[in-house]
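Asks: Mind folding the following:
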Amino acid sequence: MITGVGSSTNTFYKSGVTPALSNDNKPADSQTSNKDIQASADKKTNEASVKTDQKNQPTSKSIEQELSQSELRQVQTLQSRDREVRNHEQAHLSAAGTLAQGGASFSYSVGPNGKRYATGGEVSIDTGKINGDPKATINKAEQIQRAALAPATPSQQDRRVAARAISMAQEARVELTTNPPTETQGNKRIEKEADPATEKPQVSNSRQQNLKLMEDVQRNYQVTAGTSLYA
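Replies: The predicted structure is shown next:
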């Protein structure tokens, strides 16, 4: 704010400019000279004020220079935590793939320098089993486990999610053993239905054998009877 700057003779003295002395008998051009001196002093005072305002504007560098050693250490800790949190959640996202439900969400803390730093985060993933398909459930559970343990230092919550995924995979394996997939049962039914078709030739062969046997019996009977007659 520059209101009133250069409006008093004290300001002139403070800026190092001495006003011209006026005499009652001095000509009119002396008054003009005084006005020029005042205008020049006003200009210099304004420029000095602008430079002072620019100098006083806070910058991130100047703020950090004004911080105490303890506050600087706090900023460094927050910066390190921010990198760790972001890398942690990115590892979850990369391993989760299509199971991830949206991106990572973060919670922030403001440091002594006025900046925000991520100090916590989470990634939501689909952890439900696939009903009616234990094999697909096993594959999904294994991917959930990989996503939960992907970061270099998994949290307790990450380990709990991984444990639930292992349990889900075990249950699916039991289901797969006790209840084979519908596809396999369907194949067995198809094979059973195909058996009668393969048995038809066998039935036909059996009939031919029976007919042949009957012919042999009749032939033997005729021979025996004939022999008896001739005897």
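Asks: Now do the contacts for residue 91.
Replies: Residue 91 makes contact with 150-152, according to Cβ atoms under 8 Å, 6 or more residues apart in numbering. C-beta: built from backbone N, CA, C; applies to glycine.
Asks: Sorry, wrong one. I was asking about residue 169.
Replies: Shown in contact with residue 169 (Cβ under 8 Å, 6+ apart): 137-138, 141-142, 145.
Asks: Return the residues in contact with residue 116.
Replies: Counting by Cβ under 8 Å, 6+ apart, residue 116 has contacts 108-110.
Asks: Show the model's pLDDT score for it.
Replies: The model reports residue 116 with a pLDDT of 98.
Asks: cool, and residue 82?
Replies: Residue 82 carries a pLDDT value of 98.
Asks: for the one 4 residues further on, same thing?
Replies: Residue 86 carries a pLDDT value of 98.
Asks: cool, and the one 10 residues further on?
Replies: For residue 96, the model assigns a pLDDT of 98.
Asks: just to revisit the earlier point, looking at the contacts of residue 116, which are in strands?
Replies: 108-110 (DSSP state E).
Asks: Could you export those residues as CSV, including pLDDT and neighbour count?
Replies: CSV is the format used below for the ones in strands among the contacts of residue 116 (pLDDT from 0 to 100; neighbours: other Cβ atoms under 10 Å):
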residue, pLDDT, neighbour count
108, 98, 15
109, 98, 14
110, 97, 10
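Asks: ok, so of those residues, who is nearest residue 118?
Replies: Of all the ones in strands among the contacts of residue 116, residue 108 has the smallest distance to residue 118: 5.8 Å, by Cβ to Cβ.
Asks: hang on, isn't that closest one packed against residue 86?
Replies: No: between residue 108 and residue 86 there is no contact under Cβ atoms under 8 Å: 11.7 Å.
Asks: Now do the shared contacts for the two.
Replies: Common neighbours of residue 108 and residue 86, using Cβ under 8 Å, 6+ apart, are residue 118.
Asks: Out of the contacts of residue 116, the closest to residue 178 would be?
Replies: Nearest to residue 178 among the contacts of residue 116 is residue 108, at 49.6 Å by Cβ to Cβ.
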